[in-house]
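[1] Prediction below, plus the sequence it came from.
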Amino acid sequence: MTKRKLVKKTAKREIDRYPMVAVHWYDILSDASWQSVEELKAAKFAECITKGHLLSQDKGVTRIFGDYSLKDKNKGTIEEVGNTTIIPNCVITKIHKIK
């Protein structure tokens, strides 16, 4: 994964600092059932896509939020965020900005 700076720290409205992105990542696969060695060898990771506002990408993790409440509508300042996801950078395959 190529790390790019997507967060706009100079945006006038706070919410505009956090672009909408789609994060493609591999999920860990676990199965407690009995299976053959051949079935285990054929098993593949699930490729997942998480969409939301990119809060940050540092210290080995990417932080996304999907929902937010505004403290001030005119200034676009955020009071709280919800529907959050934290993804280890090592499982991310691609991040692209949604226009």
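    Yep, that arrived.

[2] Nearest the geometric middle of the chain, what residue?
    Residue closest to the average C-alpha location in the chain (Cα atoms, centre = their mean): Ile64, at 4.4 Å.

[3] so the residue nearest to it when sequence neighbours are not counted, which of the three states?
    Nearest in space to Ile64, with sequence neighbours left out and distances taken as Cβ to Cβ, 6 or more residues apart in numbering, is Gly52 at 4.0 Å. All C-beta atoms are positioned from the backbone trio N, CA, C, and that covers glycine. State at Gly52, reduced to three classes by DSSP: H, G, I helix; E, B strand; the rest coil: strand.

[4] Please list all residues in contact with Gly52.
    For Gly52, the contacting residues are Met20, Val21, Ile64, Phe65, Gly66, Asn83, Thr85, taking Cβ atoms under 8 Å, 6 or more residues apart in numbering as the criterion.

[5] confidence score at the third one?
    At Ile64 the predicted local confidence, pLDDT, stands at 98.

[6] And the strands in the chain?
    20-27, 46-58, 61-72, 77-88, 92-97 (DSSP state E).

[7] Okay, buried residues for the longest one please.
    Within strand 46-58, the residues scored as buried using 16 or more other Cβ atoms under 10 Å are Thr50, Gly52, His53, Leu54, Leu55, Gln57.
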